[in-house]
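>>> Just need the structure, nothing else, for what follows:
(chains A and B)
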Amino acid sequence: MFAVENGLQGDPRLQAISDAIRVIPHFPKTGIMFQDITTLLLDPVAFKHVVDIFVDRYKHMNISLVAGVEARGFIFGPPIALAIGAKFVPLRKPGKLPGRVISEEYELEYGNDRLEMSVEAVKSHERALVIDDLVATGGTLSASINLLERAGAEVVECACVVGLPKFKGHCKLKGKPLYVLVEPSQLDEVTF
Amino acid sequence: MLFLLYILLLSLCHRAPAIRLPSNNSKTPFLLRSKASRDSETMATKEDVQDPRIPKIASSIRVIPDFPKPGIMFQDITTLLLDTEAFKDTIDIFVERYKGKGISVVAGVEARGFIFGPPIALAIGAKFVPLRKPKKLPGKVISEEYSLEYGTDKIEMHVGAVEPGERAIIIDDLIATGGTLAAAIRLLERVGVTIAECACVIELPVLKGREKLGETPLFILVTSDAA
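This next block holds a predicted model:
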């Protein structure tokens, strides 16, 4: 579900967010129009809009855990977690987290990758939010949902700044709702 | 009558708040202790008065022996992130220090600097600039090499993310040898940015990382003798 479908139609903040995202063609490889959120982070007003919209949505949903996917989920997750009084749990590439971890494999276009989470980070029945900058195939978010559910948490929603148009409506990932702020920006956006 | 007065006095004593003096448990080994940088000329420092939020921050950090390899005592800040009060206090201390000081750039070192940097940047109205491992940033980048125990690594920053004359702080969770932070300083200074200060949650002073930072001041919340 996109923000415009859920009460934010015409909200000027969404346009500001979209305008602040830069498109880099053919990165990391030919044919991919990479949605670069680093330009959003250089615009403190637009960055704050992102956090404010997510905080307004989640602050009354009794969420005690915000999980962010390495590495760009680490940028958006903590400000939301701090504002809603939730803990922040990093979901990391293999071998980065110390202590006891569980891991989940997921598919890439070529081959597989793994995501890990600390087992001690999650209490049973906690209500959790998963954050990443962008959702494309949904593979990473699905792996994140699996990790949290295996540890006993209840995933309330997945949230991303950018999402492909196929996630409009009531599209779900592993049965969980998805909330997206904007569609991918086009190439004629302002770049530096 | 006297008896009634006596009862009245007793009841007043029970309502009086108990005054508890802080206990000084010298038996507890105190590996993590607070430290405020004394060599910053531009920032006000709290000198020897310990911020009362620091002990809780320090105790929320978990030490994992022999990670990522034998002999290393790993300072795990993920447990700090699970403690909502400690995490908020950590950010608040940095924000109080840097707000209103003309800082327009908060640069965070991948990946744990990405956790602490953005909340600070948002609160002080600065931009957040991620400093990343090679090939992660799209578009044009500049890069700076630094030494590891065996070999070298690089960090990268986007061309145009910062402008000459801007004032920056560099954030990471921990300073050990100082190699990464020194490279970050060089990267930003190459494009004309002044680094007001480097800021980390934890310092491992035995590794003398501070010495690699040259003239750039360093602000730390806790130090650890474990290295």
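
>>> mind showing which ranges of chain A have poor pLDDT?
A:188-192 (pLDDT under 70).

>>> Within range of chain B, give me the residues from it.
A:22, A:24, A:27-28, A:34, A:36, A:38, A:41-44, A:47-48, A:51, A:70-72, A:74-76, A:78-79, A:81-82, A:85-90, A:92, A:95-99, A:118, A:121, A:191-192 (C-beta under 8 Å from any C-beta of the partner chain). Using the backbone N, CA and C atoms, a C-beta is placed for each residue, glycine as well.

>>> How much space separates residue B:106 from chain A?
Distance, residue B:106 to chain A, by C-beta to the nearest C-beta, to the nearest Å: 10 Å.

>>> how about the nearest residue to that residue, chain neighbours excluded?
residue B:121 (3.9 Å; C-beta to C-beta, 6 or more residues apart in numbering or on different chains).

>>> that's a strand at the one you found, yeah?
No - counting by DSSP: H, G, I helix; E, B strand; the rest coil, residue B:121 falls outside a strand, being helix.

>>> okay, it: pLDDT?
pLDDT, residue B:121: 98.

>>> May I see the buried residues of stretch B:148-164?
Neighbour counts over stretch B:148-164 (16 or more other C-beta atoms under 10 Å in any protein chain shown) mark B:155-158, B:161-162 as buried.

>>> list the contacts for residue A:116?
Residues in contact with residue A:116 (C-beta atoms under 8 Å, 6 or more residues apart in numbering or on different chains) are A:91-97, A:101-104, A:147.

>>> Identify the farthest-apart pair in the residues you listed.
Longest distance between any two of those is 15.6 Å, between A:95 and A:147; criterion C-beta to C-beta.

>>> what about these two, which has more around it?
Between residue A:95 and residue A:147, residue A:147 has the larger neighbour count (other C-beta atoms under 10 Å in any protein chain shown), namely 27 against 12.

>>> pretty sure the more buried one contacts residue A:117?
Yes - contact criterion C-beta atoms under 8 Å: residue A:147 and residue A:117 qualify, at 4.5 Å.

>>> if I look at these two, which residues touch both of them?
Counting by C-beta under 8 Å, 6+ apart, the contacts common to residue A:147 and residue A:117 are A:67, A:91, A:102-103.

>>> nearest residue to residue B:53 other than its sequence neighbours?
residue B:89 (4.0 Å).

>>> Does the helix or strand containing residue A:102 pack against any helices or strands, and if so which?
Taking DSSP states H and E as the definition, residue A:102 sits inside strand A:101-107. The contact analysis (3 or more C-beta pairs under 8 Å, 6 or more residues apart in numbering or on different chains; DSSP states H and E) places strand A:101-107 against strand A:112-118, helix A:139-150.

>>> Nearest to residue B:205, out of the ones you listed?
Of those, nearest to residue B:205 by C-beta to C-beta is strand A:112-118, at 27.4 Å.

>>> Off-centre distance for the very next helix or strand once past that closest one?
Counting by DSSP H and E, the next helix or strand C-terminal to strand A:112-118 is strand A:127-135. What separates the centre of strand A:127-135 from the centre of its chain is 4 Å, taken as C-alpha atoms, centre = their mean, to the nearest Å.

>>> Put the alpha carbons of strand A:127-135 into PDB.
Presented in PDB, the C-alpha positions along strand A:127-135 are these (Å, rounded to 0.1, in the frame of the first residue of the first chain):
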ATOM      1  CA  ARG A 127       5.000  -6.300  17.800                       C
ATOM      2  CA  ALA A 128       7.600  -5.500  15.200                       C
ATOM      3  CA  LEU A 129       8.100  -3.200  12.200                       C
ATOM      4  CA  VAL A 130      10.600  -4.000   9.500                       C
ATOM      5  CA  ILE A 131      12.300  -1.000   7.700                       C
ATOM      6  CA  ASP A 132      14.400  -0.800   4.500                       C
ATOM      7  CA  ASP A 133      14.900   2.000   2.000                       C
ATOM      8  CA  LEU A 134      13.500   0.200  -0.900                       C
ATOM      9  CA  VAL A 135      11.400  -2.900  -1.900                       C
END
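
>>> Could you list every helix and strand that that strand packs against?
Strand A:127-135 packs on strand A:65-69, helix A:73-84, helix A:139-150, strand A:154-163, going by 3+ C-beta pairs under 8 Å, 6+ apart.

>>> one more time with 10 Å
strand A:33-36, helix A:44-58, strand A:65-69, helix A:73-84, strand A:87-91, helix A:139-150, strand A:154-163, strand A:176-182 (3 or more C-beta pairs under 10 Å, 6 or more residues apart in numbering or on different chains; DSSP states H and E).

>>> How about the first one, which residues are buried there?
Translated: strand A:33-36. A:34-36.

>>> And the one residue sitting closest to the centre of chain A, how close does it get to chain B?
Centroid-nearest residue in chain A, with C-alpha atoms, centre = their mean: residue A:132, separated by 2.0 Å. Using C-beta to the nearest C-beta, residue A:132 is found at 13 Å from chain B.

>>> next one: residue A:126
Residue A:126 is 11 Å from chain B, by C-beta to the nearest C-beta.

>>> who's in contact with that residue?
A:62-65, A:86-87, A:89, A:148, A:151-156 (C-beta atoms under 10 Å, 6 or more residues apart in numbering or on different chains).

>>> Relative to residue A:1, which of the residues you listed is nearest.
The closest of the contacts of residue A:126, once distances to residue A:1 are taken by C-beta to C-beta, is residue A:156, at 13.3 Å.

>>> Could you find the closest non-adjacent residue to the closest one?
residue A:127 is the one closest to residue A:156 (C-beta to C-beta, 6+ apart), at 5.1 Å.

>>> Could you tell me how many residues sit around the one you found?
16.

>>> Could you give the bridge partners of it?
Beta-bridge pairing for residue A:127 (DSSP bridges): residue A:154.

>>> residue contacts, it?
So residue A:127 contacts A:58, A:61-65, A:86, A:153-157 (C-beta under 10 Å, 6+ apart).
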